[in-house]
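Student: below: sequence and its predicted model.
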Amino acid sequence: GAVVSQHPSWVICKSGTSVKIECRSLDFQATTMFWYRQFPKQSLMLMATSNEGSKATYEQGVEKDKFLINHASLTLSTLTVTSAHPEDSSFYICSARDTGTGRNYGYTFGSGTRLTVV
Amino acid sequence: QKEVEQNSGPLSVPEGAIASLNCTYSDRVSQSFFWYRQYSGKSPELIMSIYSNGDKEDGRFTAQLNKASQYVSLLIRDSQPSDSATYLCAVNTLYNFNKFYFGSGTKLNVKP
């Protein structure tokens, strides 16, 4: 089955610094990946759609200059949280779907990254 | 109006019972429907997908879809304590096949 690897699984950073999170599709190519954020006891909130070779599409209310997304290859998307602040502390999860088979499988999620800004 | 709605729960059932989780959606052109399970502190994992009206069974899990009434449900037979988790319903539409809309999830507690 489709496997999505996300790294790091957790990170603690100082306020004002930047953090990069990687999301890789291991056994398939993903032209589109999605980045979600989840606060404690809340549901997933879609932040942006990462498109290989083009600009990401951000959801309303998500600052594109703060959450930089790069999807330079068919297997790798990165999310950089710039000038992180304590309110950015959250669980960030990426997802992708293997469309190669032509079947409408659900998305596979990465293991998530727990970001704590101190 | 939210695109996908779920009762937040918690839904408590005794071990061995059938757990019934429900989800309603607002967009009539919703195309595909998925159920995910999320353990606390972990990312969601796909349990079932269903595309056509009716029932789809996979082991202890049965997904039911009724497009006329715009609801999809998940039945878990012989519930186990290890089934205790939050269950997320997700749908996509013809307008944007790649974009999934998630419900807020239903927390299930299976008591030994």
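Tutor: Structure received.
Student: would stretch B:71-84 count as contacting chain A?
Tutor: No - if you take CB under 8 Å from any CB of the partner chain as the test, stretch B:71-84 misses chain A, and the best it gets is 12.8 Å. Just so you know, the C-beta spots here come from the backbone N, C-alpha and C atoms, and that holds for glycine as well.
Student: next structured bit after the helix or strand bottoming out on mean pLDDT in chain B?
Tutor: Lowest on mean pLDDT, DSSP states H and E among the helices and strands of chain B sits strand B:101-102, with a mean of 87. Using DSSP states H and E, the helix or strand that follows strand B:101-102 in sequence is strand B:106-111.
Student: hey, C-alpha coordinates of that next one in PDB?
Tutor: The C-alpha coordinates for strand B:106-111 follow below in PDB (Å, rounded to 0.1, in the frame of the first residue of the first chain):
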ATOM      1  CA  THR B 106     -16.600  10.900  16.800                       C
ATOM      2  CA  LYS B 107     -14.800   9.700  19.800                       C
ATOM      3  CA  LEU B 108     -15.500   6.000  20.600                       C
ATOM      4  CA  ASN B 109     -14.900   4.400  23.900                       C
ATOM      5  CA  VAL B 110     -15.200   0.600  24.100                       C
ATOM      6  CA  LYS B 111     -15.400  -0.500  27.700                       C
END
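Student: and it, what's buried?
Tutor: Neighbour counts over strand B:106-111 (16 or more other CB atoms under 10 Å in any protein chain shown) mark B:106-108, B:110 as buried.
Student: which residues sit against the strand or helix carrying residue A:34?
Tutor: Element membership for residue A:34 (DSSP H and E) is strand A:32-38. When contacts are defined by CB atoms under 8 Å, 6 or more residues apart in numbering or on different chains, strand A:32-38 is touched by residues A:23, A:25, A:44-52, A:67, A:69, A:71, A:77, A:79, A:90-97, A:107, A:112, B:98-100.
Student: go again with 7 Å.
Tutor: With CB atoms under 7 Å, 6 or more residues apart in numbering or on different chains as the test, strand A:32-38 has contacts from A:23, A:44-51, A:69, A:71, A:77, A:79, A:90-96, A:107, B:98.
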